[in-house]
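[1] task: produce atomic coordinates for the following.
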Amino acid sequence: MLLRVQALLLAAPGLFALVWDPARWLFQTWRDPSYESEGALVAAAVAALLALSWWSGAAAPDPRAPRRAAALFALTVAARLVGRLLAVDTIGAIALAIDVAAAATLLGVERRPFALRPAALAAFFALSLPAEDLVQRLLGFPLQLIAAAAAERLLRPFAPGLSREGVLLIHPSVDLAVDLPCSGARGLVLYAAIALGFWTCRALGARGAAHAALAVVGGAFAANTARIAALFACAMGGLPAGEEPWHSGLGAAALACGALPLIAVLARAPARQPLRPRGALRFAPRHPPRRFARPWLAAIAASAVGVAVSAAPHHPVD
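    Residues are numbered from 1 along each chain as shown. Predicted structure coming up:
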């Protein structure tokens, strides 16, 4: 135990150097109002899940876990080196999600009484990045067109004079533009966060995961279409749909209704059972797992690699 603590202290400078820049950039996105990110809540939820798993009880021993964690940490080093050389902060921040998977594997959360899935936990943490901003940048305009077309089809039986020009709904009495915040990206990211959060501690299985994915996409589409239609109907009725609290209230109500199919899918999934290493109950290993003869030497090497990667020169790509 003392050797592990000493090795961790020796490796700490390199680990800190690797994490500092991506963590600082991620923290800034949480504070910057231009991102409108709720990533801090996702990160807090991940930390709470890890704490609950840790305090639920001891993990069944698995000598292969440290090697898997070391492989994941090596992957993050390579990802951060690429992000450093290209001066792309997002690459280094995504590597933080792999760090979460590595730490969860090292802690043995999948083998504790409150079992978690490290891969799902990492995917959940990835949504602490400004995911909504990324979705809007990549898919914003197509989502706007789809939302406007769906709202037009839904409203036309009740508003015969309705027409559409791109993302603009036109009626003799009112016009409504489906702008970027109305693209449905927020609902898509919110439902994905709910699904991944439950997937960390629930055994969905392949069929359940497929149903949850359909519920995420279908629920986000239905909620956004209903919201646009409700805003248009309120505007036609003379209500100030673009003002508060109408605008936010209608959006919250639509998101709550759109989440119901997803909640129904997740509620049927049983709690995840602790993973038992293969053969752990049948026989003990004949030979103890190999250990480094000099763990302090490996820790110093890891720390040196971390400092070297964090000090690599920037080469921004335009």
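[2] how near is A44 to P277?
    31 Å (CB to CB, to the nearest Å). In short, each C-beta sits where N, CA and C put it, glycine included.
[3] what about the nearest residue to G39 once chain neighbours are set aside, neighbour count?
    Leaving out its chain neighbours, the residue that sits closest to G39 by CB to CB, 6 or more residues apart in numbering is S128, at 3.6 Å. S128 sits with 25 neighbouring residues when counted by other CB atoms under 10 Å.
[4] show me the contacts for L162.
    The contact partners of L162, taken as CB atoms under 8 Å, 6 or more residues apart in numbering, are 152, 155-156, 169-171.
[5] 10 Å instead, please
    Counting by CB atoms under 10 Å, 6 or more residues apart in numbering, L162 makes contact with 151-153, 155-156, 169-174, 176, 232, 236.
[6] for the stretch 51-200 of the chain, which residues score under the pLDDT cut-off?
    The model of the stretch 51-200 of the chain has no residue with pLDDT under 70.
[7] so which residues of it form strands?
    Counting by DSSP state E, counting those that start in this stretch, residue ranges of the strands within the stretch 51-200 of the chain are 163-165, 168-170, 175-177.
[8] quick one: strands adjacent to the last one?
    This means strand 175-177. With DSSP bridges as the test, strand 175-177 is paired with strand 168-170 (antiparallel).
[9] do the first one as well
    Taking DSSP bridges as the criterion, strand 163-165 pairs within the sheet with strand 168-170 (antiparallel).
[10] any regions of the stretch 201-318 of the chain where pLDDT drops low?
    241, 278-299, 302-303, 306-307, 311, 314-318.
[11] so what's the backbone phi/psi at the spatially most central residue of the chain?
    In the chain, the residue lying closest to the centroid (CA atoms, centre = their mean) is L127, at 2.5 Å. Here is the backbone geometry of L127 (degrees, to the nearest 10): phi -80, psi 0.
[12] touching, it and A40? I think so.
    No. With contacts counted by CB atoms under 10 Å, L127 stays clear of A40, the gap being 11.4 Å.
[13] give the closest residue to A149 in space, chain neighbours not counted.
    Of all residues not flanking A149 in the chain, R164 sits nearest, at 6.8 Å (CB to CB, 6+ apart).
[14] my read: that neighbour touches V178, true?
    Yes. At 9.3 Å, R164 counts as touching V178 under the criterion of CB under 10 Å.
[15] and these two? which has more neighbours close in?
    Higher neighbour count among R164 and V178: V178, with 27 against 17, using other CB under 10 Å.
[16] tell me where this structure has helices.
    Counting by DSSP state H, the chain has these helices, from start to end: 2-31, 39-55, 65-86, 89-107, 118-126, 131-155, 185-199, 205-236, 246-258, 260-267, 295-310.
[17] ok, back up a step: need the contact list for the residue nearest to A149.
    R164 neighbours (CB under 10 Å, 6+ apart): 145, 148-149, 151-153, 155-156, 170, 178.
[18] now list the buried members of those residues.
    148-149, 151-152, 155, 178 (16 or more other CB atoms under 10 Å).
[19] now for those, which pair is the farthest apart?
    The most widely separated members of these, counting by CB to CB, are L155 and V178 (12.1 Å).
[20] common neighbours of these two, please.
    Jointly contacting L155 and V178 under the rule CB under 10 Å, 6+ apart are 164, 169, 228, 232.
[21] mind checking how far the first one is from H171?
    Using CB to CB, R164 is found at 10 Å from H171.
[22] can you list residues touching both of the two?
    Common neighbours of R164 and H171 (CB under 10 Å, 6+ apart) are L155.
[23] dump the residue contacts of the closest residue to A58 other than its chain neighbours.
    Closest residue to A58 apart from its sequence neighbours, by CB to CB, 6+ apart: R112 at 7.2 Å. Each residue near R112 by CB under 10 Å, 6+ apart is listed here: 52-60, 274-275.
[24] still on that earlier bit, of all the shared contacts of L155 and V178, which comes closest to L106?
    For these, the nearest to L106 is I228 (46.3 Å; CB to CB).
[25] from what I see, the closest one and R153 are in contact.
    No. I228 lies out of contact with R153 (CB under 10 Å); the separation is 11.4 Å.
[26] for stretch 147-158, which outside residues touch it?
    159, 162-171, 176-178, 182-184, 221-222, 224-233, 236.
[27] mind checking which of those residues are buried?
    The buried subset of the contacts of stretch 147-158 - by 16+ other CB under 10 Å - is 159, 162, 164, 167, 169, 171, 176, 178, 182-184, 221-222, 224-233, 236.
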